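1. 3D, please:
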Amino acid sequence: MILSRILEHKKAELRRKQSRGYLAELKGRIVDRSRPLGFIQALEAGLTSTAPALIAEIKKASPSQGLMRPEFQDRFEPVTIASQYRDHGASALSVLTDQDFFQGNLEYLHNVKEAVQLPTLNKEFMVEGIQFYEARAYGADCVLLIAAALDRFQLEDFFTQAHELSLDVLIEIHDEWELDTVLERVPLARLIGINNRDLQTFHTDLNVTARLAKRMPPDKLIVSESGIHKRDDVVRVLEAGAKAMLIGESLLRADSIQSKIQELLHPPISPKEEVSTTRWI
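-> Numbering: from 1, shown residues only. Take a look at the predicted model:
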């Protein structure tokens, strides 16, 4: 299973980073940083009657898909991508920072946050406490906790640690058991991500959002993740109860990020409306 391989590799990677000097360096960087932006607040403000708020993802590659675009091999410009996302309607950003499986980097997170002032999620596999200091030091406003990767005690401890560092938390679930665990062990969690991708087969099914959203308490802000490629998909997750959606692949593979975001966030304009709009320009 790919998740198990990633987690094993991540723990080995972090063992090499565990030193008092490195932690002290991170804490020093945190002191110089301003308070994180409100990630949850931005999503609440970005929700409209026609679409959930958009969390637009910056991702160079994935284990299942390889490079998102062939040209990323020689030229990958996270700040340029992030700027386009911001300019065309994204409420927040997600930046992949895992190096070995997603070709990410913490510097991508730092550079994006310095240049583009949108609330930003550090999309990472969190398995050790030091990663929360990394996230905060490099500019994250929110961190991801994957229920399938953590036991219930880690969920509680990591949620608390994130909040002590003023970070919002997105907890990702895949099934009913994980949802029940989160609701029982982390009742204060507001932001719940429903991943439509099966972590064993990598098949995506938007019915996962529809099924799990029905069990969600009304105080939770649901984020639908994976498998959202066209306007009909957006309508489905909105009607299921999603208040936000995390999209990367379909934006990054599109010929035009601007056109793709327009397609996803807004209903198509009818010919009659188009004529009317043209008349008033």
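2. Please make it C-alpha for all contacts and neighbour counts, starting now.
-> Will do.
3. now the helices for this protein?
-> 2-15, 20-31, 39-46, 78-87, 106-115, 130-137, 152-164, 176-185, 207-213, 231-240, 249-252, 257-265, 271-280 (DSSP state H).
4. Residue ranges in the chain under the pLDDT threshold?
-> 270-281 (pLDDT under 70).
5. And stretch 103-122, what's buried?
-> Under the neighbour-count criterion of 16 or more other CA atoms under 10 Å, stretch 103-122 has 103-104, 106, 108-110, 112-113, 116, 118-122 buried.
6. If we only consider the residues you listed, which is nearest to residue 83?
-> Using CA to CA, residue 116 comes nearest to residue 83 of those, at 6.2 Å.
7. Tell me how many other residues crowd the closest residue to that closest one other than its chain neighbours.
-> Excluding the flanking residues, the one nearest residue 116 by CA to CA, 6 or more residues apart in numbering is residue 83, at 6.2 Å. Residues lying near residue 83 (other CA atoms under 10 Å) number 16.
8. Closest to the centroid, which residue in this structure?
-> residue 94 (4.3 Å; CA atoms, centre = their mean).
9. For residue 118, see how far away the residue nearest to residue 116 is.
-> In this view, residue 83 and residue 118 are 10 Å apart by CA to CA, to the nearest Å.
10. which residue packs closest to residue 46, ignoring adjacent ones?
-> residue 53 (4.6 Å).
11. List the beta-bridge partners for that neighbour.
-> Going by DSSP bridges, residue 53 is paired in beta bridges with residue 244.
12. looking at it, it is touching residue 243, isn't it?
-> Yes: Residue 53 lies in contact with residue 243 (CA atoms under 8 Å); the separation is 6.3 Å.
13. Give me the common contacts of the two.
-> Shared contacts of residue 53 and residue 243 (CA atoms under 8 Å, 6 or more residues apart in numbering): 43, 44, 47.
14. Is the last one in contact with residue 53, as I believe?
-> So the one you mean is residue 47. Yes: taking contacts as CA under 8 Å, residue 47 lies within contact range of residue 53: 4.5 Å.
15. Near the residue nearest to residue 46, how many residues? Count them for me, please.
-> Per other CA under 10 Å, the neighbour tally for residue 53 reads 25.
16. Please report how far it lies from residue 140.
-> Distance from residue 53 to residue 140, by CA to CA: 19 Å.
17. now swap in residue 188 and tell me
-> 20 Å.
18. returning to that earlier point: among the helices of the chain, which is nearest residue 58?
-> Per CA to CA, nearest to residue 58 of these: helix 78-87, 6.5 Å.
19. for the closest one, which positions count as buried?
-> Residues of helix 78-87 classed as buried by neighbour count (16+ other CA under 10 Å): 78, 79, 81, 82, 83, 84, 85, 86.
20. quick one, what contacts residue 234?
-> 51, 52, 228, 264, 265.
21. among those, who's most crowded?
-> In these, the most neighbours by other CA under 10 Å go to residue 52, 28 neighbours.
22. So that one sits against residue 42, correct?
-> No: when contacts are counted by CA under 8 Å, residue 52 is not listed as touching residue 42 (11.6 Å).
23. returning to that earlier point: can you put the buried residues of stretch 103-122 in TSV and add distance to residue 74?
-> Listed next are the buried residues of stretch 103-122 as TSV, based on distance: CA to CA, whole Å:
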residue	distance to residue 74
103	13
104	14
106	19
108	15
109	19
110	20
112	19
113	23
116	23
118	26
119	28
120	25
121	25
122	24
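24. of those residues, closest to residue 35?
-> residue 119 (11.3 Å).
25. how much space between the closest one and residue 48?
-> In terms of CA to CA, residue 119 sits 18 Å off from residue 48.
26. can you pull the contacts of the closest residue to residue 262 other than its chain neighbours?
-> Once flanking residues are discounted, residue 262 sits nearest to residue 88: 7.6 Å by CA to CA, 6+ apart. By CA under 8 Å, 6+ apart, the contact set of residue 88 is 258, 261, 262.
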